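Trainee: Fold the following, please.
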Amino acid sequence: MSIHMAQYGTGHGHAAGKLQSMLTNPDVECVGVFEPNAERRAALEHVDGPYADVRWFECAEDMLGDPAVVAVASEGRNDESLAQTEEIIRAGKHAWYDKPAGDDWPAWQRVAALAEKANLQVQMGYMFRYHDGFVKIADWARSGMLGNVFSIRAHMSTNVPATSREVIGTHQGGIFYDLAGHMLDQVVWILGRPSKVTAFLRNETGEVTAFTDNGLGVFEYDHAMATVDIAAMEPSPAARRFEVYGTEGSAILIEPFEPGTEIRLVLTGDRDGYSAGESRVPVEGRSRQELYDLELESFLKTISGDQPPDRPPSHELLVQETLLRATRGLP
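Mentor: Here you go, the predicted structure:
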């Protein structure tokens, strides 16, 4: 039997792709979309793509009050989505919540606690969890195959126009706030909670006043350090790289990591079927839409009770806490 899902909001950059995943997944019946901004809804009703033929709810209650709806994709703008996700959870629905989890740390803690108390799943939209290259590197690092990890370096820059910078600029940390969570999702999965966070949030171009268009986060551990750098004006196509270094091996997802088809693996000795020295390990490069599809498949298995969540609630909290420690100086 199909799981009835809906979508709350359309302003997130991943919203159309997530809707497409719901529309094409054979185990989902997407019953409609609610967009609170009437002007935006009117514009989407007349464009080709996933929104062309969807049902539009007239109000949030029509969607959230429907007992047949089991789960809702939370796809509002980043300044809307945390409050909308709280509405979803309070209505008793599971939430497929796109990143990041808002600026209000106490509110996000409250939403996570409400979900856990009600036995509801909140799965964040960090799609690289389902990227074959990131999965392999994380597994190698967490298993000890690379020895003691002492360094992670992540670069995920982009190129966004001034109009988009105006929207993103409502959040302290700008482009770093918008994108760094993807890399921190990997960093804290491998290394855990950093003991110290230092951020350098700069405006280099001046195109949008006070907008962080060049950000660097340094995340310190007892015996390791991770750096994440994100800029808004890197020429396309962006390099985008992810590197993990341990005392007995290193793994670099060859740039760009989208689609990412090869890992440079170096080991001090033969281990887990890999030879000492340098190897090139092929991985399955997937499109962004394919990663969204895998996200949804995992979410459905979790809410159906077929598997535990790929990341526990404590991890979802830790990623956001670490991001806000960098962008807002959260202690």
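Trainee: quick one: the strands in the stretch 51-200 of the chain?
Mentor: Remark: strands assigned in the stretch 51-200 of the chain by DSSP state E, counting those that start in this stretch are 71-74, 94-97, 122-124, 149-155, 196-202.
Trainee: List the strands paired with the third one, with their directions.
Mentor: Which is strand 122-124. Strand 122-124 has its sheet partners listed here by DSSP bridges as strand 94-97 (parallel).
Trainee: what's in contact with the partner strand?
Mentor: Strand 94-97 is contacted from outside by 5, 18, 70-74, 81, 85, 88-89, 115, 120-125, 295-296, 299, 303, using Cβ atoms under 8 Å, 6 or more residues apart in numbering. For glycine as for every other residue, the C-beta is placed from the backbone atoms N, C-alpha and C.
Trainee: Next up, the contacts around residue 285.
Mentor: Contacts of residue 285 by Cβ under 8 Å, 6+ apart are 132, 259, 260, 261.
Trainee: cool, residue 110 as well?
Mentor: Going by Cβ under 8 Å, 6+ apart, residue 110 touches residue 86.
Trainee: Any idea how far the least confident helix or strand in the chain by mean pLDDT is from the middle of the chain?
Mentor: Within the chain, no helix or strand scores below helix 162-168, which has a mean of 91 by mean pLDDT, DSSP states H and E. On the basis of Cα atoms, centre = their mean, to the nearest Å, helix 162-168 sits 19 Å off its chain's mean C-alpha point.
Trainee: Need the contact partners of it.
Mentor: 77, 78, 160, 174, 175, 177, 178, 207, 208, 211, 213, 232.
Trainee: who wins for neighbours among those?
Mentor: residue 232 (29 neighbours; other Cβ atoms under 10 Å).
Trainee: so that one sits right up against residue 156, yeah?
Mentor: No. Because the distance of 11.2 Å does not satisfy Cβ atoms under 8 Å, residue 232 is recorded as not touching residue 156.
Trainee: Against which helices or strands is the longest helix along the chain packed?
Mentor: The helix that spans the most residues within the chain, counting by DSSP state H, is helix 174-191. Secondary-structure packing of helix 174-191 (3 or more Cβ pairs under 8 Å, 6 or more residues apart in numbering; DSSP states H and E): helix 132-143, strand 149-155, helix 162-168, strand 196-202, strand 214-220, strand 225-231, strand 241-246, helix 313-327.
Trainee: In space, what's closest to residue 285 - neighbours in sequence excluded?
Mentor: residue 259 (3.1 Å; Cβ to Cβ, 6 or more residues apart in numbering).
Trainee: What is the burial count for residue 318?
Mentor: With other Cβ under 10 Å as criterion, residue 318 counts 19.
Trainee: no wait, residue 279
Mentor: Close neighbours of residue 279, defined as other Cβ under 10 Å, add up to 13.
Trainee: May I ask which helix or strand encompasses it?
Mentor: Using DSSP states H and E, residue 279 sits in strand 277-282.
Trainee: okay, the angle between that strand and helix 132-143?
Mentor: If you take axes from the mean of the first three to the mean of the last three Cα atoms, to 10 degrees, strand 277-282 sits at 140 degrees to helix 132-143.
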